[in-house]
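sharing a sequence plus its predicted fold:
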Amino acid sequence: MGDPKKRRKMYQTPRKKWDKQLLASERKLLDFYGIKNKKELRKHEAWLKNKRQIARKLLALQLDKRVTREKELMSSLSRIGLAKPGTTTLDDILALQIEALLEKRLQTIVLRKGLANTSKQARQFITHGHIAVRGRKIDSPSYLVLLEEAGEVGWYKTPLQVENAPQKKDMKKEFEEAKGEEAALETEPAVKIDDVKVDE
């Protein structure tokens, strides 16, 4: 059982900690979604990994045995909005990316609704107790907002005056575009010295 005072880790560290590509992708996620540290990111990765493991085990079962357990998995994911009942399959769950889960965090929802100008400002509002979900104060930026709660995210008691708050509609698309631009810059050929004409 273990000592109740010493809680076990809720995440796993990657095997190759100093992989250049991994470090770059993690840094991009931290900056874009305003996550405080990698521990917070890896907790979400562990949550998603657990759901994928359940989906793999269900695929190995016979059809009559996995029906009820598959419904339980789909209902838990559909509550957050990561699955649509009746249309999402186990293969779709295996293909889920971490960005889809990060989109459901309270910090991201606050920024998307225009209650804050930046992701860091959204985090500050939440931790300082200015944001409520269904009238209940939530001070955890990593809180996963349920699909039925998404429309009831707002200020707690007194609303703050935030000027020039842009409406963030599709952060995932913006993130993918940013990734595509960086990839294009990396693949651009370097200019050779011989190609540059010098006027004599």
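Perfect, I can see it now. Residues are numbered from 1 along each chain as shown.

poorly predicted segments of the protein, please.
1-3, 164-200 (pLDDT under 70).

leaving out chain neighbours, which residue sits closest to the residue most central in space within it?
Centre of the chain computed as the mean C-alpha position; nearest residue by CA atoms, centre = their mean is Leu102, 1.2 Å away. Among residues not flanking Leu102 along the chain, Tyr33 sits closest, at 5.0 Å (CB to CB, 6 or more residues apart in numbering). Heads up, the C-betas are built off the backbone N, CA and C, glycines and all.

quick one on the thing from earlier: distance check, the residue nearest to the centre of the chain against Pro141.
11 Å (CB to CB, to the nearest Å).

same question, Ile35
Distance from Ile35 to Pro141, by CB to CB: 8 Å.

same check, this time on Leu115
Per CB to CB, Leu115 is found 13 Å from Pro141.

can you check Arg15 too?
Here Arg15 is placed at a distance of 28 Å from Pro141 (CB to CB).

neighbour count winner among those two?
Pro141 (23 against 7; other CB atoms under 10 Å).

does that one touch His128 like I think?
No: contact between Pro141 and His128 fails when scored by CB atoms under 8 Å: they sit 11.0 Å apart.

could I get the full set of strands for the protein?
Along the chain, the segments classed as strands by DSSP state E run 131-133, 136-137, 153-155.

out of the ones you listed, deepest packed?
Comparing those by mean neighbour count (mean count of other CB atoms under 10 Å), strand 131-133 comes out on top with a mean of 21.
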